[in-house]
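1. I'll drop the sequence and a predicted model, then ask my questions.
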Amino acid sequence: MEKSGRSVLAIDLGSGGPKVAVVTETAEIIAQARVPVSTVLLPGGGAEQDPREWWQAVTRAVRETLAQPHVEGEKIAAVSCTGQWSVTVPVDRDGEPLMNAVHWMDSRGAPYTRALTDGLIKIEGYGLRRLLEWIRITGAVPTHAGADALAHILFLKHLCPEIYARTYKLLEPMDYLNLRLTGRFSASYATIFPYLLTDNRDVTNVHYSERLLRLTGVEREKLPDLVPVDAVLGTILPDVARDWGLAATTQVVCGTADNQTAALGAGSIVDGMGYICIGTTSWLSCHVPFKKCNLIRSIATMPSAIPGRNIVVAEQGAAGRCLEAVVERWLFADRDMANDAERSRTYEEVFRQAADVPPGSGGLLFLPWLNGSGPPAANGDVRGGFLNQTLRTGRAEAGRAVMEGVALNLRWLLPHVERFVGKRFDVLRFVGGAASSDLWCQICADILNRPVHRVAEPRLATVRGAALHAWMSLGIRRRDEVSSMVPIAGVFEPNLEHRRTYDELFAAFVACYKRTRGLFAQLNRPMQ
């Protein structure tokens, strides 16, 4: 294990809490810690997190990480923050949060983006003129589900006018952390994307669109200043350096979104090199040299963490969160999941039992749309759960069915992303917590019918990616070196014997969406 030399302190502020790691110049992770944070679910589709709790959790995780063997705080060259995105924090002039952050699961802004994108001539529910204008400028369009940061901003403007009036800047989570680290109210060309207020036609010169600012009524002065994706924001504030035990010369690089750092941490650097991630959410992505949007399939591009490049955005929503919900609220609700050892034993039991169940889970089908569906058929009204349950269905079948349902959702997305990119993915790299399971890796290989290459330490792909982003931003590593620095820890080939079972299950999966979406719309219509 490497003990000397420079390293990066990488921070990934995910939905479940921050992961912090110390990563060397060779991309070796020599220490890491994780601290949970809570999410508050509110009536009417609200979901919030406390930015002060974020900072406390990050500080705790940093201290735990730096206290581990082989870590020398004075040799940390830079701090690099990544994390969840489309999460909006309104802060005052002193950088203090004015309320909880509006989370990406929050849908309370949906009525305002729907009204904003309305028109006489409609395509997929969008007014044609507004649709074409947004896509031309940003490469995307506000979601009718209210999941983007623009919807959150409009929610604040219309339903929290006193807070909105007091807001100095609106920030994404990684940019909020960098404010606490440097005192700068900034965002990168990439982290600003979910605001859907920037002109992204030239990814080397992203700027706010005066037309979209006028159209939405969002004031430019409430938005952070923009910097290139490889910008170095400056040195860490002295108080934070002393508190964390870092050198006063430690640099802070601009933030990144977790899908951008996951790509780097997967070694998916070359254009068209596909990877999948199954963590709290799931997605399928790669880098591309163009800006593009497929409205019907809810697939778009956004500026990436690599200067001059774009990355595919095709995030499907709840994935690993589905397994957590089923295991912790249903199958093993009587266990103390706050106890790390007990939680670990429980999931080991789930995977062990599920491995004994034949492919197809005895016909039990799980629909993973617990918070609505994402691409290739985005719909905020649909819901998920088990279908075709029998009196013989048990924990083992339920656990495996959840893993298969998440993989079936990715299979539904796969051909649409391949057409969007213009190439077939002969191999898919795999990162995220689910990739730690041999069973889930094999399920993905079988259902997607692609070889799956599991990246080493897949749970830490985002922090490894954040560190690689820092090394490139500091000029210490070149882009063409990154792929070879990411080790592959396992290869899973599709099992042909399971093809027919999964083909039949997939056909039923898609049919379920088509036949139940109307019923879900009826069930989830607001009560009169």
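-> Noted; the coordinates are in hand. Numbering: from 1, shown residues only.

2. quick one: the helices in the stretch 1-150 of the chain?
-> In order along the chain, the stretch 1-150 of the chain carries the following helices (DSSP state H, counting those that start in this stretch): 51-66, 110-116, 128-138, 149-159.

3. so which of the ones you listed is the most packed in?
-> Ranked by average neighbour count under the criterion mean count of other C-beta atoms under 10 Å, these are headed by helix 149-159 at a mean of 24. In short, each C-beta sits where N, CA and C put it, glycine included.

4. burial count for residue 147?
-> As a burial measure, the neighbour count of residue 147 was computed by other C-beta atoms under 10 Å and equals 26.

5. What distance do you get for it to residue 106?
-> When distance is defined by C-beta to C-beta, to the nearest Å, residue 147 is 8 Å away from residue 106.

6. just to revisit the earlier point, could I get the helices of the stretch 1-150 of the chain as JSON lines with distance to residue 267 and mean pLDDT?
-> Below are the helices of the stretch 1-150 of the chain laid out as JSON lines (distance: least, C-beta to C-beta, whole Å; pLDDT from 0 to 100):
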{"stretch": "helix 51-66", "distance to residue 267": "23", "mean pLDDT": "98"}
{"stretch": "helix 110-116", "distance to residue 267": "35", "mean pLDDT": "93"}
{"stretch": "helix 128-138", "distance to residue 267": "28", "mean pLDDT": "92"}
{"stretch": "helix 149-159", "distance to residue 267": "29", "mean pLDDT": "97"}
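
7. could those helices go into TSV alongside distance to residue 448?
-> What follows is these, written out as TSV (distance: least, C-beta to C-beta, whole Å):
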stretch	distance to residue 448
helix 51-66	33
helix 110-116	31
helix 128-138	29
helix 149-159	31
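
8. Which one, of these, ends up nearest to residue 364?
-> Closest to residue 364 of the helices of the stretch 1-150 of the chain is helix 110-116 (C-beta to C-beta; 32.3 Å).

9. quick one: low-confidence ranges for the stretch 401-528 of the chain?
-> Per-residue confidence for the stretch 401-528 of the chain (pLDDT under 70) gives these ranges: 526-528.

10. As a check, name the ranges of all helices in it.
-> For the stretch 401-528 of the chain, helices defined by DSSP H, counting those that start in this stretch occupy the ranges 438-448, 461-473, 479-485, 499-523.

11. Could you list the buried residues of the first one?
-> Residues of helix 438-448 classed as buried by neighbour count (16 or more other C-beta atoms under 10 Å): 439, 440, 441, 442, 443, 444, 445, 446, 447, 448.

12. So which of the helices of the stretch 1-150 of the chain is nearest residue 16?
-> Comparing the helices of the stretch 1-150 of the chain against residue 16 with C-beta to C-beta, the closest turns out to be helix 51-66 (10.1 Å).

13. How far off centre is the closest one?
-> Here the centre of helix 51-66 is set off from its chain's centre by 20 Å, with C-alpha atoms, centre = their mean, to the nearest Å.

14. helices or strands next to it in the packing?
-> In terms of contacts (3 or more C-beta pairs under 8 Å, 6 or more residues apart in numbering; DSSP states H and E), helix 51-66 is packed against strand 7-14, strand 17-24, strand 29-34, helix 173-182, helix 238-244.

15. and it, C-alpha only, in PDB?
-> As requested, the backbone C-alpha atoms of helix 51-66 are provided in PDB (Å, rounded to 0.1, in the frame of the first residue of the first chain):
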ATOM      1  CA  PRO A  51     -27.100  21.200   4.100                       C
ATOM      2  CA  ARG A  52     -25.800  21.700   7.600                       C
ATOM      3  CA  GLU A  53     -26.200  18.000   8.200                       C
ATOM      4  CA  TRP A  54     -24.200  17.500   4.900                       C
ATOM      5  CA  TRP A  55     -21.300  19.600   6.200                       C
ATOM      6  CA  GLN A  56     -21.300  17.800   9.600                       C
ATOM      7  CA  ALA A  57     -21.300  14.400   7.900                       C
ATOM      8  CA  VAL A  58     -18.600  15.400   5.500                       C
ATOM      9  CA  THR A  59     -16.400  16.700   8.300                       C
ATOM     10  CA  ARG A  60     -16.900  13.500  10.300                       C
ATOM     11  CA  ALA A  61     -16.100  11.300   7.300                       C
ATOM     12  CA  VAL A  62     -13.000  13.400   6.500                       C
ATOM     13  CA  ARG A  63     -11.700  13.100  10.100                       C
ATOM     14  CA  GLU A  64     -12.300   9.300  10.100                       C
ATOM     15  CA  THR A  65     -10.600   9.000   6.800                       C
ATOM     16  CA  LEU A  66      -7.500  11.100   7.700                       C
END
